[in-house]
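> predicted coordinates and the sequence they were generated for:
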Amino acid sequence: MTDAAHHEEELNDSPDAVLVEVICERYHCVMYDYAITTVEFVAEDFEKAVRVRPVVRRGNRENAERFFELCKRNGRHLSVPTILIDGKVVFTDVPGPEELRKAIEQALDARKSVADLG
C-alpha cells in the first residue's frame with residue numbers, strides 16, 4: 001500500500017475525529033519522516049479520536065488543492081513542516097510529543113465543549 005493510500009485509509013476511519021495534517025514537500029523527505037513519525041506516535045495515544053493526514057505539496061492534484069485551501073484559510077503560504085489541527089495552524093515546526101499531545105487535547109476539549117452546548 002502506498003503512503004497516500006495508507007493515510008487516506010486512516011482518514012476515512014473516523015470522520016468525527018480531530019484531523020491533524022502535516023504539510024510536507026514530498027513523501028519521505030527528512031522533514032516528512034520526522035514530522036509524520038512524531039504525529040503518528042502521539043496520535044496512537046488517542047486511538048480513533050485523531051486522524052493523521054499528510055498534505056504533500058509536490059504530491060497529486062488532491063494534495064495540491066488541499067495545500068492551497070489550507071493556505072487560503074490561514075491567510076498565508078504554509079511552510080514545511082506545518083502542523084494543523086482541524087485546519088488551523090498550530091505548529092510551524094515539529095513539536096515535542098508532549099507539546100503536540102497538549103494541542104490535540106485542547107482541540108478535543110474544544111469539540112467536547114461545543115458538543116455539550118448543542
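Cool, got the structure.

> what about the chain, any weak spots by pLDDT?
1-15, 118 (pLDDT under 70).

> now the residue most central in space within it. Its backbone dihedrals?
Nearest to the mean C-alpha position of the chain, counting by Cα atoms, centre = their mean, stands residue 21 at 1.6 Å. Reported as degrees, to the nearest 10, the phi and psi values for residue 21 are phi -110, psi 140.

> ditto for residue 86
Backbone torsions for residue 86, taken as degrees, to the nearest 10, come to phi 50, psi 40.

> you'd agree it is up against residue 50?
No. Counting by Cβ atoms under 8 Å, residue 86 sits too far from residue 50 to count as a contact (10.5 Å). Where C-beta positions appear, they are placed from N, C-alpha and C, glycine not excepted.

> who touches both of these two?
Residues within reach of residue 86 and of residue 50 at once, by Cβ atoms under 8 Å, 6 or more residues apart in numbering, are 18-19.

> on that earlier part again, the residue nearest to the centre of the chain pairs with what?
Taking DSSP bridges, one obtains residue 53, residue 84 as the residues bridged to residue 21.

> what's the separation between it and residue 38?
13 Å (Cβ to Cβ, to the nearest Å).

> what's the answer for residue 55, then?
16 Å.
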